[in-house]
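# just coords:
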Ligand SMILES: Cc1cc2nc3c(=O)[nH]c(=O)nc-3n(C[C@H](O)[C@H](O)[C@H](O)COP(=O)(O)OP(=O)(O)OC[C@H]3O[C@@H](n4cnc5c(N)ncnc54)[C@H](O)[C@@H]3O)c2cc1C
C-alpha cells in the first residue's frame, strides 16, 4: 500500500504538462482529483511524447510464447483497418486489458470482457481473489450512470412511497438489493448539501446529464434506481501478482491495473473511489519499468513464437456455428442476479457451475472463428467459471464475498484463493489454509 501511494503521489504531478489540475480550498494545486476523460487524454499525450506507437481499436487476441514458455509478444486485429491481423514481437508483455463486469451496464465497461484474464492462464499464470466480484453500484434505472458519490445523501422509498430504512454505510447495497428483490425502489437526493449541488456539474459532469435529459429534478423528484454489477472493476480479483512490480508466474508476462488482482492493496473489499486508480497508475509504472528492464536483456528469439489462444479458435470436436450472443447472455444470467452472485449459497453456486460448464463446452467444442467476439466470449466464460468455483470453495463470508449459508467470517479462510484451468477449473489456497479444500475442484461437482 505504501509503495502504491508513494508512486502515485510522485507520478501524478508529472502529468501537469498535459493536464490542467485544479486548486483545492486553500488554493494549492489539487493533484488528488482528476476527471476521467481528461485524465485519459493527458495519459495519451504523455505516452505519445515518449515516442510510443499506439494501435487504437486493435484488440489483442492472444499471447505468443517462446519455446521456453516465456512470453515474447502478442497478436491481434486492427478493427479500423478491415480487421487486418497484426503481430508484435517483444522482450516482455504487460497485460493491462482491464477487468470485467460480465457485461453489466456499468458505465464504460462494455469493452471490459476480461480478455487479459483469459490470456494470462493460457500462458500458465494463476488468477487470485476472483470470488470478490459481488460489487454492485447504484444507478438511476434504465441508465448506465454509476457515479455514486451523490447517493451518500440519498433517501429511498418503496413503490408505495414509504421511506426505506437504508442508512448510508457498507451494508447499504445489501439492503438496497433486498428491497429491489421485493419491488421497485425510488430515490430522492433532496438531502444533498447545497455546496455539493453547486459543484456536481464540475465534479461529475455526467451525473446531472441523465436527469437533465429526462427532465427530472433529483433534488425534488423521486426517480427509480437499480444496481449494476461491477465484477472485478470495482471488485478486486484478477491475475495473481507476485510482487508490486507486476510479475506473474510466467517469465516475460507482467500485469497491471484491473487486469491484476488488487487484493494486496484492497484486501477483500472494493478498491473503488481511490485505491483502484492509484493501483492502476502505480502498478502500470512498476510493471512497465520491470518489463522494460527485462526486455533490454532479452535476445531476439530465433525460434518461432507459438500462439497460445485455443478456445474460440481450435474446436475440441467438430466446428459448428455457435450462438455467441446466447453464451454471453448465459454469463450475464449467472453473474448479475442478486440471488446468484450477491446472496450466494452452495446450491446456487453449484447450479451456476453446471450452467457455465455447459456454455463453456459449447464454445470450446465448436467455435472455430477465432474472432474478437469468440475470444471475448471465451474470456467472459472463463472468468465467470473461476469466480463461481472460487466462491463455492470459500465457505465463509468476507468482504465482497457473501455466503447466505456461511454468514460469518472464518479465520481458517484468512488466505487468498488462487484459481485457473481452462478445460478443468481448479481452486487452491495461496499458502496454508485450515479450511479451503485445495487441489483440483471438479467444476461440475
Ligand atoms: C463508473 C466508474 C467509476 C469509477 N470511479 C472510480 C473512482 O472514482 N476512483 C477510483 O479509484 N476508481 C474508480 N473506478 C475504477 C477505475 O476506473 C479502474 O480501476 C481503472 O479504470 C482501471 O484502469 P485499467 O487501465 O486497469 O483498466 P481500464 O480503464 O478498464 O482499461 C483497460 C483497457 O483495455 C482495453 N482492452 C480490453 N481488452 C483488450 C484487448 N484484448 N486488447 C487490447 N485492449 C483491450 C479496454 O478497451 C480498455 O480501454 C471507477 C470505475 C467505474 C466503472
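Structure's in. What do you need? Being a predicted model, the structure only gives us computed values, none of them experimental.
# ok, the closest residue to the ligand within the stretch 1-150 of the chain - contacts?
When you check the stretch 1-150 of the chain against the ligand by Cβ to the nearest ligand atom, the closest residue turns out to be residue 98, at 2.7 Å. In this view, the C-beta of every residue, glycine as well, is placed from N, C-alpha and C. Residue 98 makes contact with 109, 111, 112, 116, 233, 257, 258, 259 under the criterion Cβ atoms under 8 Å, 6 or more residues apart in numbering.
# distance check, the nearest residue to residue 184 once chain neighbours are set aside against the ligand.
Spatial nearest neighbour of residue 184, chain neighbours left out: residue 159 (5.0 Å); criterion: Cβ to Cβ, 6 or more residues apart in numbering. As defined by Cβ to the nearest ligand atom, to the nearest Å, residue 159 lies at a distance of 27 Å from the ligand.
# OK, contacts around residue 159?
By Cβ under 8 Å, 6+ apart, the neighbours of residue 159 are 183, 184, 186.
# how far away is it from residue 224?
9 Å (Cβ to Cβ, to the nearest Å).
# list residues touching both of the two?
Between them, residue 159 and residue 224 share the contacting residues 184, 186, judged by Cβ under 8 Å, 6+ apart.
# which residue ranges form the helices in the protein?
With DSSP state H as the criterion, the chain has helices at 2-11, 36-49, 115-123, 172-182, 194-203, 206-214, 231-234, 263-266, 275-297, 324-335, 346-366, 372-393.
# can you pull up the most central residue in this structure?
residue 99 (2.4 Å; Cα atoms, centre = their mean).
# of the contacts of residue 159 - the most surrounded one?
Ranked by neighbour count under the definition other Cβ atoms under 10 Å, the contacts of residue 159 are headed by residue 186 with 17 neighbours.
# show me what contacts the residue nearest to residue 374 when sequence neighbours are not counted?
Of all residues not flanking residue 374 in the chain, residue 312 sits nearest, at 3.5 Å (Cβ to Cβ, 6+ apart). The contact partners of residue 312, by Cβ under 8 Å, 6+ apart, come to 363, 367, 369, 370, 371, 374, 375, 377, 378.
# residue 42: which of those residues is nearest?
Comparing those against residue 42 with Cβ to Cβ places residue 375 closest, at 30.5 Å.
# let's see the pLDDT reported for that closest one.
According to the model's per-residue confidence, residue 375 sits at a pLDDT of 97.
# show me what contacts it?
Taking Cβ under 8 Å, 6+ apart as the definition of contact, the neighbours of residue 375 are 61, 62, 115, 118, 309, 311, 312, 313.
# excluding its backbone neighbours, what's nearest residue 264?
Nearest residue to residue 264, sequence neighbours excluded (Cβ to Cβ, 6+ apart): residue 241, at 6.9 Å.
# residue 384 is in contact with residue 130, correct?
No. Checked against Cβ atoms under 8 Å, the pair residue 130 and residue 384 is beyond contact range at 9.2 Å.
# grab the nearest non-local neighbour of whichever residue of the chain sits closest to the ligand.
The shortest separation between the chain and the ligand is 2.0 Å, found at residue 257 (distances taken as Cβ to the nearest ligand atom). Spatially, and ignoring its direct neighbours in sequence, residue 257 is nearest to residue 280 (4.0 Å; Cβ to Cβ, 6+ apart).
# isn't the one you found right up against residue 260?
No. With the criterion set as Cβ under 8 Å, residue 280 and residue 260 do not qualify as a contacting pair; they are 9.2 Å apart.
# neighbour-wise, which of the two wins?
Looking at residue 280 and residue 260 with other Cβ under 10 Å, you find the greater number of neighbours at residue 260, namely 32 against 21.
# that one pairs with what?
Applying DSSP bridges to residue 260 gives these bridge partners: residue 239.
# and it, what is it in contact with?
The neighbourhood of residue 260, defined by Cβ under 8 Å, 6+ apart, consists of 238, 239, 241, 246, 279, 283, 287.
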